[in-house]
Structures are given as C-alpha cells and as structure tokens.
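Enquirer: the following comprises the amino acid sequence and a computationally predicted model.
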Amino acid sequence: MRDFRDAKAMAQTLREALGAKSIPLTHSDSLELIAKLFGQRDWNTLAARIQVAGPPGMSAHAAEPAAESPPIAARQEIAVDPAALDNYSGFYQLNDRAVFTVTPDGHHLVMKLTGQRSVRFFAESATEFFAKIVDAQVSFVVGPDGRATSLVLHQNGGDIPMPRIDAATATEIADQTAERVKNQSASPGTEAALHRLIDGIASGNPDYNEMSPALAAATRKQMQWLQPLADLGNIQSIRFLGVGEQGEDVYSVRHANGAAHWRIALDDKGIISTAWVTPGP
C-alpha cells in the first residue's frame, strides 16, 4: 500500500490519469497537489518529511548507490516446523540505535528493523530465509541447542551480522532512539564527519578508519556507484533536516552542480556506523 513516501509515484499516476482525460497538469503542479493531499504546505515540506522518514521497506545500513536495485531472484520456499521457528524468535542488534526483531508467524517469520515496516520471510533451508517484497535474505547462526545466537542480513550486496540481545537491552535501545527522534536535534560531529566522508568518496580515497567495519566493507564494494558524487562538484552547504526513524541524522547537501540527501550516524566512539545517500533535493 502506498503512503506519503510514494508521493512522486502518486504524482506521476495523477498526471497520467488526468492526461488520459485531456486534462493537462505539469509535473510541479502534480507534486504540489499530492503535497496538499497529505496535509503539507507545499512540495518542499513534504519532500523534507520523506527524506526524514526514509524509504519504505527494509534497508541495509551502508552507503547505498542511487541506482535501481537488481530484480529479486527466484527462490524456492520450503516448509519448516513452526516449533523450530521459536529458536529464532527474539531481538538482534544492528547498531546503537536499531534492533532487528524476529517473530514467528505460523510457518513463517516476521522481521522488523527499527523505524521500518514489518516484512514476512520464508524459509529456503532450516536456517536461511528470504523476503518476497524486498530483495533481502537472513541467515541464522545457531548454537548446539538449535537456538540462534546471531543472524546475518544479506542485502544490497552486503552481509550484516547482528548478535542476539535480550529484551531489556532491546527496550533500552528503542527508548534511546525514540528520544532522539522526539528531540530532532543533530548529534555532535555528524555534520563534520559527513563533510569528510563526501570529500573522501569524491576523491576516490575515503578514510575507512572513520567507518565501522561493515560500513567500510560496503563502501569498498560500492565505490564505483558512489563515484558520480565527484561530478556534483564542491560542497556549498550542508543543511540539517531532522532525525530519521532509526535515530540517524538527515542532511541536505548542496554542491556546485547538484544536491543529495544523506543519512549518517556515529557510534559511541565517533565512528560512522551508518551512511547512505539518495539524489536530492
């Protein structure tokens, strides 16, 4: 089901529907109408809200290329004893602000990352599961008793390990993230770290020591898709837009030849744990 994050697609649908009835509507006018339908003052206001909310669906926390995702590969679903799925139920930590929650649902598992929608996963082996609505897979690492000790999320070309945590730790992380989202204040150091990250990627020589191991690995893999950032030219301004649903800071970055939106978060040691980019404004 579409929501406000699908506003651009809805605007295009509106233009096509009215065009079929010989009612002309410009691209900008259609965007403004959709913004009004969502109760926003104008398109710029809605666009900022979309950037803060992030894209629908599950997303790995690494530097993402703006290119389209590859088609989801065909996978074969198998039946798994629902009793075995209880061994995977629980909480897994992505980072200091986000938790991956796994819940059995009949013969399937429902998984939810902090700030994102729930996604149903289907078994393709006793320990490997895949989603049908997003290109994502999860592998569970189990102990001698069959209970999962961690999981690995496979998405966007990356493999992201997450250790199991107890309910109390998951609640503490959720409460801290909710407080950040409520306050909508930029974390100290994220703007400066973002500036260095963009400059490093544009030069082809980012400082991987400033990134978490997972983010550094993902950035190395995706440098060829990130290199077009160099074509945007020098940074002219960085504007804080707000705090995303996973506690990451959202910035609009204007360059000499264009703009982009970035999401970034630092861990408790000041290392970049999350960073990804989408076209802007």
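Expert: The structure has been received and is ready for your questions.

Enquirer: next up, the contacts around residue 147.
Expert: Counting by C-beta atoms under 8 Å, 6 or more residues apart in numbering, residue 147 touches residue 87. C-beta coordinates here come from the backbone N, C-alpha and C atoms, glycine included.

Enquirer: for it, give its distance to residue 100.
Expert: Residue 147 sits 16 Å away from residue 100, going by C-beta to C-beta, to the nearest Å.

Enquirer: what are the ranges of the helices in the stretch 101-250 of the chain?
Expert: Shown for the stretch 101-250 of the chain, the helices assigned by DSSP state H, counting those that start in this stretch span residues 167-183, 190-203, 213-226.

Enquirer: buried sites along the last one?
Expert: Neighbour-count burial for helix 213-226, with 16 or more other C-beta atoms under 10 Å as criterion, is recorded at 214-219, 222, 226.

Enquirer: the longest one now?
Expert: Using 16+ other C-beta under 10 Å as the test for burial, helix 167-183 gives 170, 173-174, 177, 180-181.

Enquirer: how about the helices of the stretch 101-250 of the chain in TSV, adding mean pLDDT and distance to residue 118?
Expert: Shown next, in TSV, are the helices of the stretch 101-250 of the chain (pLDDT from 0 to 100; distance: least, C-beta to C-beta, whole Å):
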stretch	mean pLDDT	distance to residue 118
helix 167-183	92	15
helix 190-203	94	28
helix 213-226	84	23
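
Enquirer: nearest to residue 159, of the ones you listed?
Expert: With C-beta to C-beta as the measure, helix 213-226 is the member of those nearest residue 159 (8.2 Å).

Enquirer: and that closest one, what other elements does it pack with?
Expert: Secondary-structure packing of helix 213-226 (3 or more C-beta pairs under 8 Å, 6 or more residues apart in numbering; DSSP states H and E): strand 158-165, helix 190-203, strand 272-279.

Enquirer: list the buried ones in the last one?
Expert: Looking back up the chat, that one is strand 272-279. 272-277.

Enquirer: state the pair within those that is farthest apart.
Expert: Greatest spatial distance among those (C-beta to C-beta): 273 and 277, at 15.4 Å.

Enquirer: now do the strands in the stretch 1-150 of the chain.
Expert: Assigned by DSSP state E, counting those that start in this stretch, the stretch 1-150 of the chain shows strands spanning 90-93, 99-105, 108-113, 118-123, 128-131, 136-142, 148-155.

Enquirer: so which elements touch the second one?
Expert: This means strand 99-105. When contacts are defined as 3+ C-beta pairs under 8 Å, 6+ apart, strand 99-105 packs onto strand 90-93, strand 108-113, strand 148-155, helix 167-183.

Enquirer: go with 6 Å
Expert: Helices and strands touching strand 99-105, by 3 or more C-beta pairs under 6 Å, 6 or more residues apart in numbering; DSSP states H and E, are strand 90-93, strand 108-113.

Enquirer: now do the longest one
Expert: With contacts defined as 3+ C-beta pairs under 6 Å, 6+ apart, strand 148-155 has these neighbours: strand 136-142, strand 158-165.

Enquirer: how about a cut-off of 10 Å?
Expert: Under the contact definition 3 or more C-beta pairs under 10 Å, 6 or more residues apart in numbering; DSSP states H and E, strand 148-155 sits against strand 90-93, strand 99-105, strand 108-113, strand 128-131, strand 136-142, strand 158-165.

Enquirer: now do the fourth one
Expert: Contacts of strand 118-123 with other secondary structure elements, assessed using 3+ C-beta pairs under 10 Å, 6+ apart, are made with strand 99-105, strand 108-113, strand 128-131, strand 136-142.

Enquirer: ok, now which ones touch residue 86?
Expert: 104, 146-147 (C-beta atoms under 10 Å, 6 or more residues apart in numbering).

Enquirer: now do residue 150
Expert: For residue 150, the contact set (C-beta under 10 Å, 6+ apart) comprises 92-93, 139-143, 161-165.
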